[in-house]
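**Student:** sequence isn't available, so here's the structure alone:
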Ligand SMILES: Nc1ncnc2c1ncn2[C@@H]1O[C@H](COP(=O)(O)OP(=O)(O)OP(=O)(O)O)[C@@H](O)[C@H]1O
Ligand SMILES: Nc1ncnc2c1ncn2[C@@H]1O[C@H](COP(=O)(O)OP(=O)(O)OP(=O)(O)O)[C@@H](O)[C@H]1O
Ligand SMILES: [Mg+2]
Ligand SMILES: [Mg+2]
């Protein structure tokens, strides 16, 4: 029964959705200090290439590859975060966009390492790897009444879901703490924040690195799910797409990018039947959204409204911390 | 070969500059990066192609048509994608950026449906006129492009710096509310600016179509990104900066082909802005305003 | 001596905003800094808090040279300021604004914050309590959950003071705290600053409201065109001919009616 | 000259003005008084067109001008010196002043510019400096000068003395008197109530968005009840 | 691979002896490569009508867009495989997409035929992966050899798009072939997607005075390159890769396209009634000449229909086996067989553009 419901197609879409959610969060993190980074597609690429190359050439376990990918991306985040500290607003946005382009061009041209635009194929597939590991222990999907590919996609999905929940949990907690307040203060008024004793250099670079880390992680996961990557995956369109998740869903609260990525990944699938027009519709939706609800679909007020409905009359504790998660 | 390459670089640079001027104008007034500018530019080129090849009309009709249609597109862009955001409370300063990205996605895909995905040749006899100087062939279009870019730059910088309308425009850019208190009809100023910038994009589109005999729906994105890099390089809102940035980039891209690896050509623009901004965060000609 | 300003100069391009200014402030006093518009008062604040770097001269805080330190380090050392044009964090509530002020007196990092260690929870509770106390202190306890941009002007000024106090400064710099306040509010402000002084905090005050300055300050320095033209007690300053000429004007009767 | 009748104004859903009515006679100086947050600035914004009242009517020189934009109102002769100065930070002092005369078509602009520079010598001195780098008080002067440059029939001043040195404050009041003498009607918001009333003909008192008192300036000045309740304890 | 748990779709052999089958198509329908997707779609639709008319098999095509992106191609394929239960898949358009979709189809036991995927290694992905597009390794050496022989070329210049798999792998083949033939490579220039100005690269190439230019470009860009080259006075012949081969080149570049040499499985002028019939029908239906993308897609569906007919039912495994046995199929591309890996066995024709027309290059 259940086995028939587990359709790899849906799981595939759901897995890409989760990756997109993670990517959306990566932009949200940096943005919560007021810095708009469009380099996250590039960081994603760095994570993906690092992990792919390590697992292929050094036969490292996928987990190690993914962690290394995320870390290398984070280091690049620090390296680009420090010199761009002085830049603000759109300047930063464009420079990071440019950085992303430069990374892509390097992927294209550094053929000995990256195989150029032909891309890297034969990357260990995380789901198949899980399956073969488990089979080593004598497990067989049919024990669960599943077919192999159902199991493969189910395991990817479950893994991603757990990671996504962890990331959301992590950054929600960070948000409602001293660190989160520092981020918010910097976003609202950098000079005033510094005068209040906040080391803005540290926190801005921290946010940048965290964003890069998360994006790099998403990239590494992506590489091991698709089993094939090429520079075109991490180009301008991806950067813009990630940004749109955040702005569409809302950049004030972490649920914004989560919802944005969810909805905008789902929509093209739902709209497949008019596939020729779906990008036009995509464009239109963005324009209409901005005109009607520029702060994004989900904002602080909406969350508070939900909360009030839920705890109607109930006692609110630590109210100050609850404003926005 | 050097002289030929120099001509190539200047032609390319002049085109970049014209595109960048359109960006600069809109940024200068609205503080908005108009991500749809590249697509409007592309539409200008297509209108030119349609009028010259399908309707077999003369070139000036093509220019007039492209200007009119891109101007209308500019109006629509302002009316439907920018104006609704303007007086809203709590609007993130990124909202207009996203909104114009929405427009660019819409336009790019619309152009696929209207014009097809393929390349369209630009057949204008004007584009064939050339002079032979020694072994070097110079096309009239190349000269025209250079001259137009210079004229546009001079006109714009005179207009912005010296005329009342230009000052009103700068005031609008600084602070909408203050400008309107000083008697500036900000709505009209903004609409006019977006229209003019778009029409400039349309002109640039035709010129590119003629110079390179190539018009595709994708030309907008690549040109748009370059234009963006240039206004940062030159300093946002600076007319001279856009011109200088355009020429620098055009020459740099040409000479990396000559002396370096053409594979890195697309990265030049962004490497240049990263370096420039680290040394001079406000860009080459931008002025620093501390708040 | 809490603060010593020694021969400080500041040039902006060709314009010298401050020239060889020297004065010092004693522990526990309220020191006034007055002078005509554009005399360089706010610039002096910006130098003390390292928002600008002096062209020459030295600034000593508790006998330590603080030239060129980062702004946030200076706050940690015990100097905090308010701004002439209010700079609260507009979308934060009053309480949150004050809690940000306590940043440099707390130290939970990312991991402790996320994993909510015991020490972190205790610290958060304390931050919150202190914030409430400080709001109470400046008379804003009813507004702790109000988003600061929706507060009235006078309340915003007081909130800025509370936020500055949250960093537990030894020296508090106030830039025109009475601007835009009416007389009732100004007299409340007087009481507040006195209360701050009684907490052993030294105050450096810029203000154009002369009655307030004269009542409040122990000593006053007067700047004019970036130079110090007088220093002394309120009486001395009120009768100083250069100060009257440059700043106060002669219609004393009107001012102190 | 100006007749405001029964306006309501909102910020989002928050009502700030409730049924506010006031009149300004041609050639007079009128002061609006009130505590912080009473709605003085909001009233000024409504009259100058920055905020559209949701109810009520504003008439200027007998013409209904409710809902017009600030630039249209400026052309009709209403200029505002806004609270918080709103200097064009990236334009020079001279350009700021020129912008003041933006809508004027006469050829006296040059002359008036010189006159303004005489009145505020510091502006002459800083002609080429960017507006944003002036000190707080200098910006206030520039804002006032800029508004006068538009040769308004009705000048709205929102706390013009804020942040000014005592000497300049009395200068400002003198200048207001002078401008008024040369035929400009003035509507003034001030915390410096006593000085303001002294140069005014009449006044209105706002409390939480409602007009609670109005009258001749000297009557208000001598009404100790009002002075105490709205303007401070001290009575002179 | 090929663990074929999933039996064929909901379409069974019907009582009237017709075999009904759903065929999924993953194609580049929106975005920058939509021109190829459109051509492919056109070819397929036309073939489907004809096949269904004949009545041996009844095919139902389900089109899914990939927008040229791997992840979307993969989800599209997943949908076809798992939700629509198609018997076989045609597509995707790009080799990059096939690199992702191929393994998945193979694992799921769904036969998949690439019609435009020319990069190396595609049929080697698995038993269920086929293609009927001639790989570059076959086409490029064929055209190069003939051109070099005729023009006695010794020195060549190369130009290619380095940010596109198609043109990049075409270039790799060109370079390898050139080296093997002992040609002197004067310079290697690259360009990028969306570029419209090739003057800098061409000026440089011109200064080296090559005997021949090897250009690995898609026709959209390639045509413009030729146009700009002729304008600056470069009049040596061009040898292009698969993507360069299209009647569109003549449309775009006009006279400037003279001298382009390509090897093609597809020659629209061939005196073959089948070919002429196809060209005529295609032109009637879509208003333009079919290019190789259309022709290859057209043949691919015929090959598939043939296999389905031979399999006797819409069963994935049976259809795969039938496909693998395809031999000497006479399509509009000529005589066609799959080798044991599922790759193409056929002889390409070398064409040259002369006076604005493709003619056989002798
Ligand atoms: N960033 C800057 N660039 C150039 N000049 C500046 C800058 N900041 C301040 N100035 C100039 O320095 C002088 C001193 O300014 P400051 O703000 O310190 O005056 P102030 O004493 O605080 O005056 P006010 O009472 O009006 O606030 C002024 O003439 C001002 O124009
Ligand atoms: N943009 C806004 N959004 C929401 N509320 C606002 C806004 N501006 C002002 N208010 C509120 O409207 C009320 C009236 O404000 P207003 O600025 O008119 O007062 P005011 O009399 O000018 O006070 P002040 O003397 O402090 O300048 C205040 O309670 C204020 O908090
Ligand atoms: Mg000051
Ligand atoms: Mg006010």
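**Tutor:** Structure received. Because the structure is predicted, anything quoted here is derived from the model rather than measured. Residues are numbered from 1 along each chain as shown, chains lettered A, B, ... in the order given. Ligands and ions are numbered 1, 2, ... in the order given.

**Student:** in chain C, what residue is nearest ligand 3?
**Tutor:** Among the residues of chain C, residue C:42 lies closest to ligand 3, at 3.1 Å counting by CB to the ion. From N, CA and C alone the C-beta is placed, and that goes for glycine too.

**Student:** residues touching that residue, list them.
**Tutor:** C:84, C:175, C:206, D:135, D:136 (CB atoms under 8 Å, 6 or more residues apart in numbering or on different chains).

**Student:** in strands, which of those appear?
**Tutor:** C:175, C:206 (DSSP state E).

**Student:** okay, the contacts of residue C:42 in CSV with pLDDT, neighbour count and distance to ligand 3 next?
**Tutor:** Shown next, in CSV, are the contacts of residue C:42 (pLDDT from 0 to 100; neighbours: other CB atoms under 10 Å in any protein chain shown; distance: CB to the ion, whole Å):
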residue, pLDDT, neighbour count, distance to ligand 3
C:84, 86, 19, 5
C:175, 93, 24, 6
C:206, 95, 24, 6
D:135, 84, 21, 5
D:136, 80, 21, 4
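
**Student:** mind listing what's buried along the longest helix anywhere in chain D?
**Tutor:** Ranked by residue count and defined by DSSP state H, the top helix of chain D is helix D:166-181. Across helix D:166-181, burial judged by 16 or more other CB atoms under 10 Å in any protein chain shown covers D:166, D:167, D:168, D:169, D:170, D:171, D:172, D:173, D:175, D:176, D:179, D:180.

**Student:** return the member of these nearest to residue B:198.
**Tutor:** residue D:179 (43.8 Å; CB to CB).

**Student:** where does whichever residue of the stretch 51-200 of chain C sits closest to chain A land in three-state SS?
**Tutor:** Using CB to the nearest CB, residue C:104 is the residue of the stretch 51-200 of chain C that sits closest to chain A, at 3.0 Å. What DSSP: H, G, I helix; E, B strand; the rest coil gives for residue C:104 is helix.

**Student:** what do you get for residue E:320?
**Tutor:** What three-state DSSP gives for residue E:320 is helix.

**Student:** now it, nearest residue through space, not along the chain?
**Tutor:** Sequence neighbours aside, residue E:111 is the residue nearest to residue E:320 in space, at 4.3 Å (criterion: CB to CB, 6 or more residues apart in numbering or on different chains).

**Student:** tell me the backbone dihedrals of the one you found, please.
**Tutor:** phi -60, psi 140 (degrees, to the nearest 10).

**Student:** tell me how many other residues crowd it.
**Tutor:** 31 (other CB atoms under 10 Å in any protein chain shown).

**Student:** ok, which stretches of the stretch 1-150 of chain B are strands?
**Tutor:** Taking DSSP state E, counting those that start in this stretch as the criterion, the stretch 1-150 of chain B contains strands spanning B:130-133, B:136-139.

**Student:** deepest-packed of the ones you listed, please.
**Tutor:** Highest mean neighbour count among the strands of the stretch 1-150 of chain B (mean count of other CB atoms under 10 Å in any protein chain shown): strand B:136-139, with a mean of 16.

**Student:** so, in contact with chain E or not, that one?
**Tutor:** Yes. Using CB under 8 Å from any CB of the partner chain, we find that strand B:136-139 touches chain E at B:137, B:139.
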